[in-house]
Each structure stands twice: as C-alpha cells, then as structure tokens.
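Engineer: Quick one, structure for this:
(one chain, ligands or ions: 2)
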Amino acid sequence: MSSNAPRIGMLGGTFDPIHHGHLRSAVEARETLGLDRLHMIPAPKPPLRGEPQVSAEQRLALLKLGIADTPGLHADDRELRRAGPSYSIDTLIELREEYGQQARLVMIIGFDAFLRLPQWHRAQELFAHAHLAVMARPGYATPWPDELTELVGAREVEQADSLMHRPSGGVMMLTLPSQMAISATYIRQRLGEGKSTRYLLPKAVEEAIRAEGFYRHFASRGE
Ligand SMILES: Nc1ncnc2c1ncn2[C@@H]1O[C@H](COP(=O)(O)OP(=O)(O)OP(=O)(O)O)[C@@H](O)[C@H]1O
Ligand SMILES: O=C(O)c1ccc[n+]([C@@H]2O[C@H](COP(=O)([O-])O)[C@@H](O)[C@H]2O)c1
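Structural biologist: Ligands and ions are numbered 1, 2, ... in the order given. From the prediction side, this is the model:
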C-alpha cells in the first residue's frame with residue numbers, strides 16, 4: 001500500500017558547530033528515506049551532556065549558514081522557543097500535531113546517540129509519534145546494550161518502503177554512502193589549537209566562526 005502522506009524527518013543536534021558530517025548525512029538520509037522535508041533542529045539544552053560552547057542562537061545562525069539553500073533541509077528554531085531540557089518527545093509531539101496523524105514522521109539520529117536511547121526522556125513513547133532511523137557513524141560499531149535491544153523489540157525493518165507503510169513505530173538502520181568520521185568535538189579541538197578546519201565544515205560557517213572568535217578555547221562535551 002503506497003501513501004501520499006507527507007514524509008517528514010527530524011534531525012536534532014547540539015550542532016556545536018554544524019559540520020559536513022551532519023550536512024552530508026542529512027542530504028543522504030533525506031534521499032534514502034524519500035523525505036519531503038527534513039527539519040534540522042538545534043537543541044538549546046541537550047539533555048545528556050553539558051552546556052554547549054556557544055549559545056543556541058549562535059548555533060542556529062551557523063546552522064542556517066550551513067544549510068544555505070539546500071533543497072529539502074529546513075533550519076527549525078522551535079526548541080529555542082521552549083524552556084527546560086530539549087526533550088525530543090516534546091518536539092515530536094509538536095511535529096505530529098503540525099503534520100497530522102497520517103504523516104510519516106522519522107526521527108534521525110547517529111549510532112552514538114542511539115546507544116544512549118534507553119536513557120532518553122519517555123523513550124518508549126517516542127515510537128508512538130515517529131519512526132527512528134539510525135545512521136552508522138565511523139568509530140561506533142559497539143554491540144547494542146541489552147536495554148536497547150529490549151526497547152527496539154521487533155520494530156526493525158530493512159527497507160525505507162516498509163517503514164513508510166505506517167506513520168510511526170519502526171526502526172531502520174541506515175548505512176549511508178558517504179560516512180564521515182567528522183565530529184564537532186574534533187572541530188572545536190582544532191579551532192582551540194589554532195589548526196586548520198578547512199573542508200570539515202562549510203566555508204561560510206568556518207568564516208563566521210573565525211569572524212566571531214568562537215571556539216578559541218576548547219571544551220569537550222561535558223557529559
Ligand atoms: N559524522 C557524522 N555522521 C553521522 N551522524 C552524525 C555525524 N556527526 C553527528 N552525527 C549525528 O548528528 C546528531 C547531532 O550530532 P551532534 O550535534 O551531537 O554532533 P557531534 O559531531 O556528535 O558533536 P560532539 O562531538 O560535540 O558530540 C547526532 O544524532 C549524531 O549522532
Ligand atoms: O529526549 C531526550 O531525552 C534526549 C536525550 C539525548 C539527546 N536528545 C536529542 O538528540 C539529539 C542529539 O543529541 P546530542 O547530544 O547527540 O547532540 C538532540 O536533538 C537532543 O536534544 C534527546
């Protein structure tokens with residue numbers, strides 16, 4: 001059964017800063033899943049880590065520069081308008097209300113974030129509102145912890161088409177063509193050491209970071 005329901009994606013992140021690992025993954029995940037629109041949503045207060053190094057407004061501005069006019073990608077500031085920790089369940093509920101019950105809603109996360117899914121706020125409820133697509137990430141080939149296997153249960157499907165049979169509730173592992181071993185931590189570290197970050201992130205983002213003097217002192221993720 002095919003459906004004309006909209007296919008909507010969400011890729012949330014600290015984006016401290018946005019880099020080519022995020023952006024190329026976003027483009028390829030959108031293509032693989034056939035998404036009409038992918039909301040890229042900076043988290044002002046990511047729940048399972050310390051304070052980001054630059055403000056949510058500054059990270060959003062860099063995200064907008066990074067996305068520029070990429071078709072189908074949308075810089076979404078909704079979490080900046082909420083107080084408290086940036087829980088994904090709240091964001092998915094809002095997106096579901098906006099797009100309606102028939103929309104195919106897919107939350108996209110990297111494998112490192114997936115490994116910690118059992119610790120997320122109201123984790124089991126996420127599946128009532130969205131599918132989950134998990135992007136492989138170089139350097140994270142760890143076996144799933146037992147609680148994760150339990151949480152995913154029998155939800156896993158192999159193909160995007162199977163996922164799109166229903167509005168929510170499935171899990172798909174994505175092995176995207178251009179996996180990139182780029183992390184924001186690595187970029188912050190290089191900027192802190194005054195080293196080159198050329199080609200790790202879009203030129204406009206890199207120029208804005210240098211013009212504003214962001215990340216001159218390295219801070220880790222502060223978990
Ligand atoms: N290179 C990458 N390839 C695939 N997914 C990625 C990549 N970088 C980040 N992601 C995913 O994008 C989402 C947002 O990532 P985040 O903003 O935390 O970036 P990060 O590079 O992991 O940052 P940090 O090094 O500060 O932890 C997460 O789900 C993460 O797993
Ligand atoms: O909802 C939660 O409890 C939750 C816990 C950890 C992370 N998240 C979300 O997952 C996304 C990636 O987070 P991070 O820390 O890997 O950048 C970002 O949108 C966070 O708000 C959400």
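Engineer: Residue 55: neighbour count?
Structural biologist: Applying other CB atoms under 10 Å, we find 14 residues neighbouring residue 55. Placement of C-beta: from N, CA and C, glycine included.
Engineer: Could you pick out the residues of the chain near ligand 1 for me?
Structural biologist: Contacts of the chain with ligand 1, taken as CB under 6 Å from any ligand atom, map to 13-16, 21-22, 25, 109-110, 112-113, 135, 137, 180, 182-185, 221.
Engineer: Quick check: nearest residue in space to the residue of the chain found nearest ligand 2, chain neighbours excluded?
Structural biologist: Closest approach between the chain and ligand 2, counting by CB to the nearest ligand atom: residue 12, at 2.2 Å. Distances taken as CB to CB, 6 or more residues apart in numbering put residue 41 closest to residue 12, at 4.6 Å, once the chain neighbours are dropped.
Engineer: Let me know the secondary structure of residue 172.
Structural biologist: Under DSSP: H, G, I helix; E, B strand; the rest coil, residue 172 falls in the strand class.
Engineer: ok, back up a step: verify the contact between the residue nearest to residue 12 and residue 9 for me.
Structural biologist: No. At 10.4 Å, residue 41 and residue 9 do not qualify as touching, with contact defined as CB atoms under 8 Å.
Engineer: Which of the two has more residues huddled nearby?
Structural biologist: Set residue 41 next to residue 9 and count neighbours by other CB under 10 Å: residue 9 wins out with 27 against 23.
Engineer: partners of whichever strand or helix holds the more buried one, with directions?
Structural biologist: Taking DSSP states H and E as the criterion, residue 9 maps to strand 7-13. Here the strand partners of strand 7-13, with direction, are listed using DSSP bridges: strand 37-42 (parallel), strand 104-110 (parallel).
Engineer: any chance of the ones you listed in a markdown table, with mean pLDDT and distance to residue 72 too?
Structural biologist: Output for the strands paired with strand 7-13, formatted as a markdown table (pLDDT from 0 to 100; distance: least, CB to CB, whole Å):
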| stretch | mean pLDDT | distance to residue 72 |
| --- | --- | --- |
| strand 37-42 | 98 | 6 |
| strand 104-110 | 98 | 13 |
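Engineer: Distance to residue 98 added to those strands, as CSV?
Structural biologist: Formatted as CSV, the strands paired with strand 7-13 follow (distance: least, CB to CB, whole Å):
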stretch, distance to residue 98
strand 37-42, 10
strand 104-110, 10
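Engineer: Please identify which of those is closest to residue 195.
Structural biologist: Using CB to CB as the criterion, the shortest distance between residue 195 and these is 24.0 Å, found for strand 104-110.
Engineer: what mean pLDDT does the strand holding residue 9 have?
Structural biologist: The average of the pLDDT scores along strand 7-13 is 98.
Engineer: what about it, distance to the chain center?
Structural biologist: Distance of strand 7-13 from the chain centroid (CA atoms, centre = their mean, to the nearest Å) equals 7 Å.
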